[in-house]
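Engineer: Need a 3D model of the following:
(2 chains)
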Amino acid sequence: AQTVTQSQPEMSVQEAETVTLSCTYDTSESDYYLFWYKQPPSRQMILVIRQEAYKQQNATENRFSVNFQKAAKSFSLKISDSQLGDAAMYFCAYRRPFGGMRFGAGTRLTVKP
Amino acid sequence: GAVVSQHPSWVICKSGTSVKIECRSLDFQATTMFWYRQFPKQSLMLMATSNEGSKATYEQGVEKDKFLINHASLTLSTLTVTSAHPEDSSFYICSASSSSEQFFGPGTRLTVL
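Structural biologist: Coordinates of the predicted model:
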């Protein structure tokens, strides 16, 4: 079974600073996708970034980037120039092609002004 | 991006009654839909996968007779919580997939009295 582990229940960052959220996963599959989702108080799941396992290049979306280490099964999210609006729960997720998502326990990010 | 809706957004029911939650893909055809539940301050847990026109596949530990899923068309899947009890109170989220992308609905908060 695939499992996703987020070892940081809470993280805090100063506005305009950089923060890294950790995620590890376990799978025996070779083809899969990894995601970071943001869940604000509204509870709507918002896709932050996705990574295809077959791509060696780390995904980047504006201030958000990942460090994907396939051999180590690690998938961390770096948020640069943190903004107050970045405060939310962040979930790391894994899925096989056409499969459902397996989520980590989540990391609550607080951004201090 | 694609839009997925859920109805109702919030429902309160009495113990022993059944509740139906709808998940619709508004601007695309979803061959597969997924249902998740999220308890307060916890992560999302995959409950089942439904493919249009076929029986749903349930995750281990999810009672298929309690959580009835119907995916009668390419734009609609329904989750019926039968004989609901207070422990079924949760946030239920669907996602719809057309190919390699999945899009989440806004969720339905179920409270069973």
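Engineer: wait, what's in contact with residue 19?
Structural biologist: Picking chain A for this. Neighbour list for A:Val19: A:Met11, A:Val13, A:Lys78, A:Ile79, A:Ser82, A:Leu109 [criterion: Cβ atoms under 8 Å, 6 or more residues apart in numbering or on different chains]. Heads up, the C-betas are built off the backbone N, CA and C, glycines and all.
Engineer: that answer is for a different chain, and I need it for chain B
Structural biologist: So B:Val19 contacts B:Val11, B:Cys13, B:Thr80, B:Val81, B:Ala84, B:Leu110 (Cβ under 8 Å, 6+ apart).
Engineer: Enumerate the residues of chain A near chain B.
Structural biologist: Within reach of chain B by Cβ under 8 Å from any Cβ of the partner chain, chain A has these residues: A:33, A:42-45, A:91, A:95, A:97-106.
Engineer: Among those residues, which are located in strands?
Structural biologist: Among the residues of chain A next to chain B, the members found in strands (DSSP state E) are A:Tyr33, A:Phe91, A:Arg95, A:Arg102, A:Phe103.
Engineer: and the gap between the residue nearest to B:Ser18 when sequence neighbours are not counted and B:Val19?
Structural biologist: Spatially, and ignoring its direct neighbours in sequence, B:Ser18 is nearest to B:Thr82 (4.8 Å; Cβ to Cβ, 6 or more residues apart in numbering or on different chains). Using Cβ to Cβ, to the nearest Å, B:Thr82 is found at 9 Å from B:Val19.
Engineer: now B:Ser98
Structural biologist: From B:Ser98 across to B:Val19, the span is 27 Å (Cβ to Cβ).
Engineer: quick one, phi/psi of B:Asp88?
Structural biologist: phi -80, psi -10 (degrees, to the nearest 10).
Engineer: Sorry, slip of the keys, the one I care about is A:Glu15.
Structural biologist: According to degrees, to the nearest 10, A:Glu15 has phi -50, psi 140.
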